[in-house]
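Can you look at this prediction? I've put the sequence above it.
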Amino acid sequence: IYRGIQSSIKNMTMTRTSTSTIAGTGNGTRGVIVQRTAAGRQPPTSLPKMNLRALSSSSSTATPTTTATPTLKKWPTPMIESNGDYRNETHIEKLIGGPLYSAQQSLPRLPIPSSIDETLSTFLPTALPLAESDEEVKALLEACRVFPAQAEELHKRLVRRRDVEFGDDSSWLALWWNTAGYLQVRDPVVVNVSYFFHFSDDGSLPQPTLPTKNRNSDWSLGVHRAASILYSCAEFRQQICSGSFPHIRLGRKEPKTPLCSVAYKYMFNACRIPKREQDAYRIYDPSRQTHCIVAVNGNFYAVDFVDDKGNPLPVEIIEKSLNRCIELSKEGGEGKGGGGLFPNIGWFTSSDRDSWADAREELLRVGGDAMKKALEKLESGALMICLDDEEPVSRRQCADIFWTGGLSSGHNRWFDKSIQIMCSKNGKAGLIGEHSMMDGMPMIDLADYVTKQTYNDVQLKSSSSAATCPSSAGNVENIFKDCAPTVSSGDSKVDSLLVKAKNDFTNLISDHSLDVQGFQGYGSDYIKKVGYSPDAYVQMAIQLAIYRLFGKQAGTYEASQMRPFLHGRTETTRTVSPASAAFVKSMGLRPQNDITDESKRSEKLSLLRDAVQSHVEYIKKAGKGKGVDRHFFGMSMLLTDKDTTPMLFSDPVYLRSKTWRVSTSHLTHPRFENWGFGEVVPDGVGVGYAVKKDSCIFNITARKEHGWTERLSHLLEEALLEMQLLNDLSNHQQSKL
């Protein structure tokens, strides 16, 4: 996203930035603008006291009740192609109805900070610590002084966009975000856009057995795990696509805050479609589709996993179908599904978007109607299950496979699918989410439901399933089999394009490094015991580690969700502040020997508490739509060729403050082992983290050339131990008194 939005704005002005989990720019006008609210759309007077981040598991996840089987309503058309404007698909929400979409009409609109001065007062403290000279400080202050006058008209245009162009129908930001931030991004989605989850193991999986009449040597724990997950996905899909899933509300006390449900309809039977300049996103009517896609050895199969009413088929049938996919993939060797030679075209989906768009057109040109039908079959599948041959054990090994597929399984992916679930031969499982039309929290709802049920649980359910098994149950269709004769014949360029795609993917993966820090010293229980917000405390540990890695602080992004607002996605929580700068400088570029000095220790501890509190306050602002980055972004998008670009938009400190060299996001879930995403700038790092009760997990990504991931992993452990020692020695001293 960072690269996509930056490129978009470069054509209109001279600045911009955003992140893989998303960030932007913007500012307001001088004076106070009264926020108007439409009838029935009152802004929340107070949001729950919790971090509203984009990726977060919490008690907010709804637990649906299962009674009568909900009905999947037929859409007016079999497929809808979205171009990023949520308004165009709102009629589907109204058609589906149900609890899931019951709060949509009452959600408040995404606000704009009431004045430019308000935004500047929030922005300046996050930028000043990044100035590298007195001259830069003076230039920044001057740019901020004149900015209200220079940007006043831009702010008015933004307010007009909110109130007139979009009104009550959508967020003023969503269309820009979905297009400039995602669908127009030309970089590969793998590494640059997609994120992954690593699920905890399922201890109820059966032990491997010797081959029998019904189980051949290829039968693996991955098949059992995949069948169990598919069954649970079918149940969850039924609730989402019928609207019977309850809308999510945040908070522990009433009235709780309802969250926007717009993203859920892009979850199942959905796929991103490559096109030159801007991709599209296709969603297919779930009531007309009963199949999922299974990837094995780079071959793709359509497998029915629900009946005509959407009920999951018995686990035994799903397992047999998955095993049949494995058998077919072996018949002609890799790339030869069911005896028909066909190249591993999954490589194409890892390419830059324009190259993939050209390759797709070539596939359609040489493959004709058969290819068109095959691609539609794949795109319309409810989700994709990737059965991999690897047997990873450690978090790092799993992350390498689940994030990108790695050099061994990258061809066994279709990175455009909204949901891909990977199951390895030894039963490890994870998920890749395509980020374009929905952020991670709806996907967490799916993952929560899937991981809550074990293989044994699903088997018991399956034995009393209400599903009616059609005569075709268990059928496996090799999707591209009929296309094989045409793809490599005549003047086809498919083979040469595929060689390039594979080489580009190999270079992309080889250029990246990933490390996992599984810190076991303590977790949220200890952090809360000594009086801190776990998230803000860990953010300060990241700041200290980054300070020691880079020798200075760097622009740091933490994703905060904006789903309390209609069509809200995310806002940036900026971690750099005068308080965090004072804390990391007091701790130094390496551990010091003054921790036993009571006065110095007390000073450092006070600075740590100030830094944590500063971060908590910014999170609260961001959660209420009072961050700065979306405001800056909105105004920069409204610049025209006739406008003079405000000085601030080209100020080096401003640009430095929103160049996310450190892109972070927090997701803690009891049944996740790890999760992560890629860095968003070439000289940056991506840090996905979880703060569990007794441990902290960090997934660290960066370009391999820098050698940063292993060093940062060590520095994070070092920072957490030092911070613990600070608190423990101070508490011990107080207890003696």
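Thanks, I have the structure now. Residues are numbered from 1 along each chain as shown.

going forward, measure contacts and count neighbours with C-alpha atoms only.
OK.

Okay, Ala622 and Cys423: tell me how far apart.
Distance, Ala622 to Cys423, by C-alpha to C-alpha, to the nearest Å: 37 Å.

higher neighbour count, these two?
Cys423 (29 against 25; other C-alpha atoms under 10 Å).

which phi and psi does that one have?
Backbone torsions of Cys423, given as degrees, to the nearest 10, read phi -130, psi 120.

Then Ser560?
Per degrees, to the nearest 10, the backbone of Ser560 is at phi -120, psi 130.

Need the pLDDT of it.
Listed pLDDT for Ser560 reads 92.

Verify the contact between it and Thr575 for me.
No. Using C-alpha atoms under 8 Å, Ser560 makes no contact with Thr575, being 11.8 Å away.

buried sites along the helix or strand containing Glu136?
Applying DSSP states H and E as the criterion places Glu136 in helix 134-160. Going by neighbour count (16 or more other C-alpha atoms under 10 Å), the buried part of helix 134-160 is 136-137, 139-140, 143-144, 147-148, 150-159.

Same check on stretch 661-680?
For stretch 661-680, the neighbour count (16+ other C-alpha under 10 Å) marks 661-669, 671-680 as buried.

Equivalent analysis for stretch 310-328, please.
Of the residues in stretch 310-328, 310-315, 317-328 count as buried by neighbour count, 16+ other C-alpha under 10 Å.

Among those, which ones are in helices?
Counting by DSSP state H, these place 315, 317-328 in helices.

Tell me the spacing between Asp445 and Val681.
Applying C-alpha to C-alpha, the value for Asp445 to Val681 is 29 Å.

Count residues in the vicinity of the residue lying closest to Ala579 once chain neighbours are set aside, would you?
Computed as C-alpha to C-alpha, 6 or more residues apart in numbering, the closest residue to Ala579 that is not its neighbour in sequence is Ala611, at 4.5 Å. By other C-alpha under 10 Å, 25 other residues sit near Ala611.

Verify the contact between Ala611 and Val584 for me.
No. In this structure, Ala611 is not within contact of Val584 by C-alpha under 8 Å, at 9.4 Å.

show me the contacts for Thr454.
Contact analysis of Thr454 by C-alpha atoms under 8 Å, 6 or more residues apart in numbering lists Asp202, Gly203, Ser204, Leu205, Ser228.

what about 7 Å?
Asp202, Ser204 (C-alpha atoms under 7 Å, 6 or more residues apart in numbering).

Likewise for Cys233?
Residues near Cys233 by C-alpha under 7 Å, 6+ apart: Val450.

On the pLDDT front, check it for me.
Looking at Cys233, its pLDDT is 98.

So it lies in a helix, does it not?
Yes. Counting by DSSP: H, G, I helix; E, B strand; the rest coil, Cys233 falls inside a helix.

Check the gap between it and Lys502 for me.
Note on Cys233: its distance to Lys502, by C-alpha to C-alpha, is 31 Å.

Could you do Ile283 as well?
Counting by C-alpha to C-alpha - Ile283 and Lys502 are separated by 28 Å.

So for these two, which sits in the more crowded spot?
Ile283 (24 against 21).

and the more buried one, what is it in contact with?
By C-alpha under 7 Å, 6+ apart, Ile283 lies in contact with Met79, Ile80, Glu81, Tyr266, Asn269, Ala270, Cys271.

What pLDDT is listed against the fifth one?
Right, the one you point to is Asn269. Per-residue confidence (pLDDT) for Asn269: 98.

Val458 - that's part of a helix, no?
Yes. Using three-state DSSP, the assignment for Val458 is a helix.

quick one: it and Ser228 touch, right?
Yes. With contact defined as C-alpha atoms under 7 Å, Val458 reaches Ser228; the gap is 6.1 Å.

Same drill for those two, tell me which one is more crowded.
In this view Val458 and Ser228 are compared by other C-alpha under 10 Å, and Ser228 has more residues nearby, 28 against 19.

Can you say which helix or strand has the more buried one in it?
Assigned by DSSP H and E, Ser228 belongs to helix 221-242.

same deal with Gly430?
In the assignment (DSSP H and E), Gly430 maps to strand 429-433.

neighbouring contacts of that strand?
So strand 429-433 is in contact with 194-199, 402-403, 418-423, going by C-alpha under 7 Å, 6+ apart.

pLDDT averaged over that strand - what is it?
Taken as a whole, strand 429-433 has an average pLDDT of 98.

That one pairs with which strands, parallel or anti?
strand 195-199 (antiparallel), strand 419-423 (antiparallel) (DSSP bridges).

Could you list the buried residues of it?
Going by neighbour count (16+ other C-alpha under 10 Å), the buried part of strand 429-433 is Ala429, Gly430, Leu431, Ile432, Gly433.

The residue nearest to the first one when sequence neighbours are not counted bridge partners, please.
Distances taken as C-alpha to C-alpha, 6+ apart place Cys423 nearest to Ala429, at 4.5 Å, with adjacent residues excluded. The partner list for Cys423 in beta bridges (DSSP bridges) reads Leu387, Ala429.

Cys423 contacts Cys386, correct?
Yes. With contacts counted by C-alpha under 7 Å, Cys423 reaches Cys386, the gap being 6.2 Å.

My reading is that Thr664 lies in a helix. Confirm?
No. Judged by three-state DSSP, Thr664 forms no part of a helix; its state is strand.

show me the contacts for it.
Neighbour list for Thr664: Tyr557, Glu558, Gly686, Val687, Gly688 [criterion: C-alpha under 7 Å, 6+ apart].

Relative to Gly97, how far out is it?
Applying C-alpha to C-alpha, the value for Thr664 to Gly97 is 35 Å.

How about Tyr547?
Applying C-alpha to C-alpha to Tyr547 and Gly97 gives a distance of 50 Å.

Likewise for Ile421?
With C-alpha to C-alpha as the criterion, Ile421 and Gly97 are 28 Å apart.

Looking at these two, which one has more neighbours?
Ile421 (24 against 16).

quick one: pLDDT of that one?
For Ile421, the model assigns a pLDDT of 98.

what residues are up against the closest residue to Val681 other than its chain neighbours?
Excluding the flanking residues, the one nearest Val681 by C-alpha to C-alpha, 6+ apart is Arg661, at 6.2 Å. By C-alpha under 7 Å, 6+ apart, the contact set of Arg661 is Ala554, Gly555, Thr556, Val681, Asp683, Gly684, Val685.

farthest-separated two in those?
Using C-alpha to C-alpha, the two most remote members of those are Thr556 and Asp683, lying 12.8 Å apart.

now the contacts of Arg661 in a markdown table, with secondary structure?
Conversion of the contacts of Arg661 to a markdown table gives the following (three-state DSSP):
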| residue | secondary structure |
| --- | --- |
| Ala554 | coil |
| Gly555 | coil |
| Thr556 | strand |
| Val681 | coil |
| Asp683 | coil |
| Gly684 | coil |
| Val685 | strand |
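
tell me the angle of the strand holding Gly430 relative to helix 221-242?
With axes from the mean of the first three to the mean of the last three C-alpha atoms, to 10 degrees defining the directions, strand 429-433 sits at 40 degrees from helix 221-242.

is it fair to say Glu603 lies in a helix?
Yes. Counting by three-state DSSP, Glu603 is located in a helix.

count of residues packed around Pro206?
So Pro206, with other C-alpha under 10 Å, has 14 neighbours.

Could you find the closest non-adjacent residue to it?
In space, Pro206 is closest to Leu221, 7.4 Å off (C-alpha to C-alpha, 6+ apart).

now do Ile326
In space, not counting the residues next to it along the chain, Ile326 is nearest to Val296; the distance is 6.3 Å by C-alpha to C-alpha, 6+ apart.

Good, wrapping up.
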